[in-house]
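> Predicted coordinates and the sequence they were generated for:
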Amino acid sequence: MKKRFILIIFSLSLVFSSIAAPVDSTWTVYKNGEFTTQCQLKIKTSDRIVSDVSDHLVNDFHNTPGNLFNWALKNLGLQDKNNDLIIVFKSSTNDTKTKVTHGVFDVVVPDIKTFHDIQVDAIVAKTKYNNGVTKVTANIAYSTLLLDKAYGIFTIIPQRNGDQIFVSNVKIKFGWFFNLFITNKRYKSIVEWRVKKFTENIKAECELRNKAEK
């Protein structure tokens, strides 16, 4: 009964969030040191393609994270020298027992400092609900210096007309140094546009698979 109640509340929250925000919208709220960003897009695609793409996302994250830069993280500027903050991916290992992926990055703040070998541990998982909603969650379990906490949810909500609503929600609280450095303006240039671009990349992958089937 408790699990069923939680599922009902979760489903209602998705419905109300999609009603409150217009389709194809992006916004950010800052409160108590924490940034919350949501990006929402609509696409016409099949449930099967949605399932395949979300499986692809989770599998690449755990096993071949470098491949994400070819599609899900394509053109996000994570390793572009022209950005306010540059995240350079170095290595990654996945612990199949704990489901934790251990990543190592360099973080470059141009003209200020380069932070080497920052460790980030994350748990990424996919859940398919009985109402057709697909959810991919990314929870940062540990991070040295860069993040105090971070949590991301990518949700795909099927519509009656055959459309799908893609919703990316990200909550981030930076570590003490980056909390001083990242103003609201910098956050938009560092994080918000990347959340939007990531959602657009997932949409583009679905569109590419739609086209290949015709």
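The structure has been received and is ready for your questions. This one's a predicted model, so the numbers in the text were calculated from it and none came from an experiment. Residues are numbered from 1 along each chain as shown.
> buried set for stretch 130-137?
Of the residues in stretch 130-137, those with enough neighbours to count as buried (16 or more other Cβ atoms under 10 Å) are 133-137. No exception for glycine: its C-beta is placed from N, CA and C like everyone else's.
> list the helices and strands the longest strand anywhere in the chain packs on?
Ranked by residue count, the top strand of the chain under DSSP state E comes out as strand 113-128. When contacts are defined as 3 or more Cβ pairs under 8 Å, 6 or more residues apart in numbering; DSSP states H and E, strand 113-128 packs onto helix 47-63, strand 100-109, strand 134-143.
> Contacts only, for Ile118.
104-107, 143-146 (Cβ atoms under 8 Å, 6 or more residues apart in numbering).
> could you check the angle helix 47-63 makes with the longest strand of the chain?
Angle of strand 113-128 versus helix 47-63, following axes from the mean of the first three to the mean of the last three Cα atoms, to 10 degrees, is 140 degrees.
> Could you list the buried residues of strand 113-128?
Within strand 113-128, the residues scored as buried using 16+ other Cβ under 10 Å are 118, 120-122, 124.
> Counting neighbours, what do you get for Val104?
Burial measure for Val104: 16 neighbouring residues, criterion other Cβ atoms under 10 Å.
> Arg160 too?
Neighbour tally, Arg160, other Cβ under 10 Å: 5.
> Can you list the helices and strands that whichever strand or helix holds Ser92 packs against?
Using DSSP states H and E, Ser92 falls within strand 86-95. Applying 3+ Cβ pairs under 8 Å, 6+ apart, we find strand 86-95 packed against strand 100-109.
> Measure how the strand it packs on sits relative to strand 134-143, angle-wise.
Using the same axes, to 10 degrees: strand 100-109 against strand 134-143 is 70 degrees.
> Distance of the residue most central in space within the chain relative to Phe35?
For the chain, the residue nearest the mean C-alpha position is Gly152 (5.1 Å; Cα atoms, centre = their mean). Using Cβ to Cβ, to the nearest Å, we find Gly152 at a distance of 12 Å from Phe35.
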